[in-house]
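Trainee: Sequence and predicted structure, then a few things I'm wondering about:
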Amino acid sequence: MKDKLLYLLGIVAMLILVRDINVIARLPNEVNQGAIFKIIFFHVPVAITAMFAAAVALIASVLFLITRNFRYDALAVGVTEVGLAFLAANLVTGSIWGRIIWGQWWAWDARLTSALVCWILYAAYLMLRRAVEEPTQRATFAAVWSIFSFIDVPIVIFSIKWWRTQHPQPVFWGGGSIPHEWFAIAGWNLLAMVLLGTVLTVVRVRLEDAQRELDSLRRTAHAM
Amino acid sequence: MHLTQIPMLFAQMATPDDIVREAARLQRNYEFLSYGLTVAWLILVIYVLFLVSRGRKLKREIASLKSMLEDRR
């Protein structure tokens, strides 16, 4: 991706976010929860972006196993790392929200636990990559681990439907009673998060390419 | 009823103690909202800084290895 396009996407994402923060600050407080409810405009979009990143990592991992093209491996690691940062933001904002509404930082219900397990699985993916030296073996192991980790993603998404959880049912796109104009704000924030995630992933993929170049130079130096 | 009408109705019915309690609750709500948003942005900023420093380190290492290989040739 060209540098100019990358900068443009980043600037557009930041502009949308700044505009949304301004709009969200002016919204009235929710009747029962008060101001803390506004955290939903970040909590939900970062969660959706993280799940989207996991789906892209799955596709890239499958494509790597089929084609053995290292570009897919670089995409998988890039999008996984970015998704992990978004999922961390989701867990932390959810915990802060829970402290006010539930009176506790954490509840071991199906949604929260499966999301935490998801975070640990993808963190383990990154640790696994550091543990294996040989590039092809590293990419293969990582791709298999990424596919295995994705099993948790539908569990995270549907846990609130499958089990009775302390985490509420979805208020956006799930039959909630949120005012219509709030959907648009959440939608714009989601777009901004996805754009931001895309920019960060491209930057991270470039770093992975540079790392591969460095590894190859090291092997050449070692052989000389 | 519009959402913004609720506090006005509440003010008409509540005792001074209730109003103080409600103000404290709102203050706490805003405090935690700001914590949440600050942490979310902090995670993003730390990650971006991490990417930038990693990129610089890789560039430095590639440049030094390339020059070393040139010297050997």
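Mentor: Structure's in. What do you need?
Trainee: For the residue nearest to residue A:209 when sequence neighbours are not counted, give me phi and psi.
Mentor: Spatial nearest neighbour of residue A:209, chain neighbours left out: residue A:74 (6.0 Å); criterion: CB to CB, 6 or more residues apart in numbering or on different chains. The C-beta positions use only the backbone N, C-alpha and C, and glycine is treated the same way. Reported as degrees, to the nearest 10, the phi and psi values for residue A:74 are phi -60, psi -40.
Trainee: so residue A:74 sits right up against residue A:205, yeah?
Mentor: Yes - counting by CB atoms under 8 Å, residue A:205 is a contact partner of residue A:74 at 4.8 Å.
Trainee: Report the mean confidence score over stretch B:42-51.
Mentor: What stretch B:42-51 shows for mean pLDDT is 89.
Trainee: Could I get the buried residue list for that stretch?
Mentor: Neighbour counts using 16 or more other CB atoms under 10 Å in any protein chain shown place B:43, B:44, B:47, B:48, B:51 of stretch B:42-51 among the buried residues.
Trainee: what do you get for stretch B:62-73?
Mentor: Applying a neighbour-count criterion of 16+ other CB under 10 Å, one finds B:62, B:65 buried in stretch B:62-73.
Trainee: any residue of it up close to chain A?
Mentor: Yes - using CB under 8 Å from any CB of the partner chain, stretch B:62-73 reaches chain A at B:62, B:65, B:66, B:68, B:69, B:72.
Trainee: still on that earlier bit, among the buried residues of stretch B:42-51, which one lies nearest to residue A:78?
Mentor: Nearest to residue A:78 out of these is residue B:51 (CB to CB; 10.0 Å).
Trainee: remind me which residues of chain A are low pLDDT?
Mentor: A:1, A:172-177 (pLDDT under 70).
Trainee: Just give me the residue closest to the centre of it.
Mentor: Chain A has residue A:50 as the residue nearest its centroid, 2.0 Å off, counting by CA atoms, centre = their mean.
Trainee: by contact count, what packs against the lengthiest helix in chain B?
Mentor: Longest helix of chain B, by residue count under DSSP state H: helix B:16-72. Under the contact definition 3 or more CB pairs under 8 Å, 6 or more residues apart in numbering or on different chains; DSSP states H and E, helix B:16-72 sits against helix A:40-67, helix A:70-101, helix A:180-223, helix B:5-13.
Trainee: The first one relative to helix B:16-72, how many degrees between them?
Mentor: Angle of helix A:40-67 versus helix B:16-72, following axes from the mean of the first three to the mean of the last three CA atoms, to 10 degrees, is 30 degrees.
Trainee: Could you list which residues are in contact with the residue nearest to residue A:209?
Mentor: A:205, A:208, A:209, A:212 (CB atoms under 8 Å, 6 or more residues apart in numbering or on different chains).
Trainee: Would you mind checking those residues for buried ones?
Mentor: The neighbour-count test (16+ other CB under 10 Å) marks A:205, A:208 as buried among these.
Trainee: which of the contacts of residue A:74 sit farthest apart?
Mentor: Using CB to CB, the contacts of residue A:74 reach their maximum pairwise distance at A:205 and A:212, which is 10.7 Å.
Trainee: Contacts for the stretch of helix or strand residue A:6 belongs to, please.
Mentor: Following DSSP states H and E, one finds residue A:6 within helix A:3-26. For helix A:3-26, contacts defined as CB under 8 Å, 6+ apart pick out A:38, A:41, A:185, A:188-189, A:191-193, A:195-196, A:198-199, A:202-203.
Trainee: same for chain B: which of those residues are within range?
Mentor: A:38, A:196, A:203.
Trainee: which ones are touching residue 33?
Mentor: As the question left the chain open, I've gone with chain A. Contact partners of residue A:33, counting by CB under 8 Å, 6+ apart, are A:100, A:101, B:29.
Trainee: other chain: chain B
Mentor: Taking CB under 8 Å, 6+ apart, one finds A:35, A:36, A:38, A:39 in contact with residue B:33.
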